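S.K.: Sequence first, predicted model second:
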Amino acid sequence: MSKILIVDDEEDVREELKDRVSSMGHEHDDCASQEKAIRHLETRKYDLVLLDLAIPVKYEGVARVEHGKNLLQRIVSGESPPPVIVVTANGLDGYLLAREMMELGAANFVGKPFDEDKIEPKIDKYLNEGAKPRIESANSSGTFEGGSMVVYDNGIEICGKLVGGTRGNGYIRDIVKILAKKKGGKFPSFSSARLAQLLGVETNAIPSAIGDFRRRCKDKLGCESNAIIETGDRGYTLVDWMEVEVANETVATSQIEADMSRVVSTVKRVKKGTRQQIIDESGVGLERVKQAISRLTDEGVVDRKGSGANATYKLRQGTD
């Protein structure tokens, strides 16, 4: 029997989570604040934490996302930390915040209401398999142990990183949606010819789209080229440890294009700058700058040198 800590300041949400966890045969503790959660974590051993994004520091205090973020960082920085599933409200802002939390070490996220975004399979994943998705850096072994893929109407993200499906490779979004429809609990396999038939395109468009997607995943995630979409005897299939979300949201094209324009103007002005310099100079927020930069690098407008917070960006020659 596993022990789960539930952290959420909404009593009705805690009650629902407690019911679901109990019905699965697991024990649980619950609390409504960062302070109480820390006391639980310091005195007890948990196999999993369900963490609401917006919680107060103390009971009945002001709930802020920063408090949940700080608690997450405290949990994952400990010795042998339990996996943390972030609980967020549905909607673009919720997903953006959840993806930021995953970059900080969260194992996964689930949206409210739970009837629309099932939480039980995600709990099972981390308790039964002991799995904790992570991305190794390109300088390490290069293995990718799974995570969440979100398919939007105008892009695909894995663990918060834009990896394709933008204007240059729109076919891959429809391909992934087909491959993500599980049958008997497993991802199906399709040949290039069958995928082409289902999508109404030329057969050679399928390996071309998948090849481009694999290259982008390798570049963005530091993984092997077939770490997301495998090629087996029966054709293409998603690796079985992926979790795929087909989001109802569309990243607002007009907003992104406006942000891209501001980022380009800023990079042109500063010649070469870090992400933080671009944020400071452009006045665009972190998440929006990250998305704009991802699009601009994908489309060959901006070149990146280095990695992480120290990476610098400049306009590609010929795009001034």
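M.R.: That came through fine. Residues are numbered from 1 along each chain as shown.

S.K.: Got the phi and psi for the nearest residue to residue 32 once chain neighbours are set aside?
M.R.: Distances taken as Cβ to Cβ, 6 or more residues apart in numbering place residue 9 nearest to residue 32, at 4.6 Å, with adjacent residues excluded. The way it works is simple: take the backbone N, C-alpha and C, and place the C-beta from them, glycine included. For residue 9, the backbone dihedrals (degrees, to the nearest 10) come out as phi -80, psi -10.

S.K.: Tell me who's in contact with residue 9.
M.R.: 32-33, 52, 54-56, 63 (Cβ atoms under 8 Å, 6 or more residues apart in numbering).

S.K.: And these, which is closest to residue 285?
M.R.: residue 54 (17.5 Å; Cβ to Cβ).

S.K.: Which residue, neighbours along the chain excluded, lies closest to that closest one?
M.R.: residue 63 (4.4 Å).

S.K.: My understanding was that that neighbour contacts residue 56; is that so?
M.R.: Yes. At 4.9 Å, residue 63 and residue 56 qualify as touching, with contact defined as Cβ atoms under 8 Å.

S.K.: Show me the helices in the stretch 201-320 of the chain, by range?
M.R.: Taking DSSP state H, counting those that start in this stretch to define them, one finds helices in the stretch 201-320 of the chain at 205-221, 253-270, 275-282, 286-298.

S.K.: Show me what the longest one is in contact with.
M.R.: Residues external to helix 253-270 that are found in contact with it (Cβ under 8 Å, 6+ apart): 154, 273, 277-278, 281-284, 288-289, 291-293, 295-296, 301-302, 313-315, 320.

S.K.: Over it, what's the mean pLDDT, rounded is fine.
M.R.: Per-residue pLDDT values over helix 253-270 give a mean of 79.

S.K.: Next, the angle from that helix to helix 286-298.
M.R.: Here the directions of helix 253-270 and helix 286-298 differ by 80 degrees (axes from the mean of the first three to the mean of the last three Cα atoms, to 10 degrees).

S.K.: Report the buried residues of helix 253-270.
M.R.: Applying a neighbour-count criterion of 16 or more other Cβ atoms under 10 Å, the buried positions in helix 253-270 are 256, 259-260, 262-264, 266-267, 270.

S.K.: can you redo the residues you listed as TSV with distance to residue 37?
M.R.: Formatted as TSV, the buried residues of helix 253-270 follow (distance: Cβ to Cβ, whole Å):
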residue	distance to residue 37
256	35
259	35
260	39
262	38
263	37
264	43
266	39
267	41
270	42
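
S.K.: OK, contacts around the residue nearest to residue 54?
M.R.: By Cβ under 8 Å, 6+ apart, the neighbours of residue 63 are 9, 54-56.

S.K.: so residue 126 is in which element?
M.R.: Counting by DSSP states H and E, the element that carries residue 126 is helix 120-128.

S.K.: which is the next helix or strand following that helix?
M.R.: Following helix 120-128 in sequence order, the next helix or strand is strand 147-152 (DSSP H and E).

S.K.: Which residues outside stretch 82-89 are in contact with it?
M.R.: Here stretch 82-89 makes contact (Cβ under 8 Å, 6+ apart) with 5, 8, 13, 17, 46-53, 68, 72, 75-76, 94-95, 97-98, 101-102, 105-112, 119, 122-123, 126, 131-132.

S.K.: Cross those against strands and list the overlap.
M.R.: 5, 48-52, 108-112 (DSSP state E).
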